[in-house]
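Trainee: Return atomic coordinates for the entry below.
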Amino acid sequence: MAAARRLKRVVASQPGFLALNSSTDPANVSSSRRKRVNKNKKKNWNKYSEIRDVEDFLDDVRFQERTSGGLLSDKSDGSLFFVDAGGQKKPAQQATEPPAEGKKRKGKASRPLRIDLILQNDSLIPPPKDILAHQQPNSKKLRRIAQKAEQLAAKGVVPRNQRRLLNRCSAPRITRKAAAEANNNPEREFYNIWGEESESTQTDDSWYLEQTGKKRVKRPEKMNEKPSVLPAVEVIAPGGSYNPDFLSHQALLLEAHEVEVKKQKEEDKLQRKLAFNREDTATEETVFQEQVEGLLEEEEGEEPNKEEDDIPVGATALVEKKTEKQRKREKAEKIKEQKRLSQRQQTGQRQQLFQLRSIKSSIKLIEERTRQRQKQRKAKQEAQKALPRRLGRLKFQPQDLEVQLSDELAGSLRRLKPEGSILKDRFKSLQKRNLIEPRERAKFKRKYKLHYVEKRAFKAIT
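Mentor: You can find the predicted model right below:
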């Protein structure tokens, strides 16, 4: 505390310091008597510490900074004082002239209201600089882009966005058509939504432009292609009728028979692959015989193996270094071989001049073979359009043919027995036309085991 009081006395005694408050008078500061207090105890530090003079001094400094923008001792005389030469007197003519009508006095109009003066900030201390206001996100990236644009401009290269803008401005503007006719106009043309569209309507879509004034987005050609060429509803063969003729019914039966024969063949093939000979099954004797086999041969072959182990393995001789003469001979042979190959190639090219007819005929054969392969490939692609594709992990399984035997035929619709399911037929049709992937019914898997508990009532009965 003594150090603070000493600092205050030193500052107040400076010739350039001007105190505005009476409490900070240097005479009062110097005349204040120090009170002797024991400062060894902590409870006396705050009790007998007088910092009032230091706070008054700092308040005085802050007041000078707010009112004058700094300490008065640092200000010049010209900024603190001015010479009052008196107000400028107005001429008598201007004083006698009455104010014109519709015009307000300039003095009152320019003078602010008292409430605005009270709300104004009277502090001369500048506000602290906001660092975040000067920061710009991605400033380094934007500065690099600007530098690159300047370099391209110096080379005469126009940026892409500016080039597109220039092309858009230079392109001729398409004038819109006149507004569509009102709906209440009895003479306007009607559009039949159920009628067939003409070629002109499909190409330019004039009716849509006339009604909406907007051009449709160009539809990709791939979206117009159907995933399959099969119809949505396939008509069953004539033999599937409730009263078919004999030949058509027999043809349908033959088709169903071929499907069942194919299934049976696949099952037989699987059984043949999984079949085994019962005579080849292992018994105790065969297992023991297999375990004993080879033991005697290994014991007999141990002695020669020991002798072979003593022989060192690996090449111990060092590769001899080639002499200069050998290197030159190899280099000369290599150059000679290259010359021979190049000469042979030139001779072959000269001989091809005399084989132009045979070369042309071979080229024709190759082109014909290529055309045939292209036709086969296209035919294969067209055939695959009618087949279901592999869309998921499961393979499409066709639906069983709904056919009735000869003794099951009914003479009328009343006695006809229904077969199949319409829902299943539609589901299989969606899979066959590649609209959905083949699926199988989800299997129910119990999470917890069932616990059977006998109730008390059941025990009472038993």
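
Trainee: The helix or strand D59 falls within - what's its average pLDDT?
Mentor: Using DSSP states H and E, D59 maps to helix 52-68. Per-residue pLDDT over helix 52-68 has a mean of 89.

Trainee: Just the buried residues of that helix, please?
Mentor: 53, 56-57, 60-61, 64 (16 or more other Cβ atoms under 10 Å). (C-beta placed from N, C-alpha, C; glycine too.)

Trainee: C-alpha coordinates for that helix, CSV please?
Mentor: Taking Å, rounded to 0.1, in the frame of the first residue of the first chain, the C-alpha atoms of helix 52-68 are listed here in CSV:
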residue,chain,number,x,y,z
ARG,A,52,-9.4,5.3,-1.9
ASP,A,53,-6.8,7.7,-3.2
VAL,A,54,-5.6,5.3,-5.9
GLU,A,55,-9.2,4.7,-7.1
ASP,A,56,-9.9,8.4,-7.2
PHE,A,57,-6.8,8.9,-9.3
LEU,A,58,-7.8,6.2,-11.7
ASP,A,59,-11.3,7.5,-12.0
ASP,A,60,-9.9,11.0,-12.8
VAL,A,61,-7.7,9.5,-15.5
ARG,A,62,-10.7,7.6,-17.0
PHE,A,63,-12.9,10.8,-16.9
GLN,A,64,-10.3,12.8,-18.8
GLU,A,65,-10.1,10.0,-21.4
ARG,A,66,-13.9,10.0,-21.9
THR,A,67,-14.3,13.7,-22.1
SER,A,68,-11.2,14.8,-24.0
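
Trainee: Return the list of helices and strands in contact with that helix.
Mentor: On a contact count with 3 or more Cβ pairs under 8 Å, 6 or more residues apart in numbering; DSSP states H and E, helix 52-68 meets helix 2-12.

Trainee: about what we covered before: take the buried residues of helix 52-68 and write them to TSV, including distance to Q343.
Mentor: Shown next, in TSV, are the buried residues of helix 52-68 (distance: Cβ to Cβ, whole Å):
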residue	distance to Q343
D53	115
D56	114
F57	110
D60	111
V61	105
Q64	107
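
Trainee: Tell me the one of those residues nearest E330?
Mentor: V61 (98.5 Å; Cβ to Cβ).

Trainee: Now do the contacts for the closest one.
Mentor: Applying Cβ atoms under 8 Å, 6 or more residues apart in numbering to V61 gives the contacts L71.

Trainee: And for K424?
Mentor: K424 touches Q399, counting by Cβ under 8 Å, 6+ apart.

Trainee: next one: L132
Mentor: Listed by Cβ under 8 Å, 6+ apart, L132 has no contact partners.

Trainee: What strand or helix carries it?
Mentor: Going by DSSP H and E, L132 is part of helix 131-134.

Trainee: where does the stretch 151-300 of the chain dip in pLDDT?
Mentor: 171-183, 186, 188-193, 195-205, 295-300 (pLDDT under 70).

Trainee: How about whatever helix or strand comes next after the helix holding D59, which residues are buried there?
Mentor: Next helix or strand after helix 52-68 toward the C-terminus (DSSP H and E): helix 77-80. For helix 77-80, a neighbour-count test (16+ other Cβ under 10 Å) marks nothing as buried.

Trainee: which other residues reach helix 77-80?
Mentor: Contacts of helix 77-80 (Cβ under 8 Å, 6+ apart): L72.

Trainee: what does stretch 323-340 give?
Mentor: In contact with stretch 323-340 (Cβ under 8 Å, 6+ apart) are no residues whatsoever.

Trainee: what does the average pLDDT come to for it?
Mentor: Here the average pLDDT along stretch 323-340 is 94.

Trainee: That one: which residues count as buried?
Mentor: So for stretch 323-340, nothing qualifies as buried (16+ other Cβ under 10 Å).

Trainee: ditto for stretch 227-240
Mentor: 230, 239-240.

Trainee: Spit out the contact partners of D245.
Mentor: Counted by Cβ under 8 Å, 6+ apart, D245 has contacts P238.

Trainee: Could you rerun that using 10 Å?
Mentor: 238-239 (Cβ atoms under 10 Å, 6 or more residues apart in numbering).

Trainee: With just CA atoms, put the helix holding L132 into PDB.
Mentor: The C-alpha trace of helix 131-134 is given here as PDB (Å, rounded to 0.1, in the frame of the first residue of the first chain):
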ATOM      1  CA  ILE A 131     -10.900  -8.700 -35.100                       C
ATOM      2  CA  LEU A 132     -13.700 -11.100 -36.200                       C
ATOM      3  CA  ALA A 133     -15.200  -8.300 -38.400                       C
ATOM      4  CA  HIS A 134     -12.000  -8.200 -40.500                       C
END
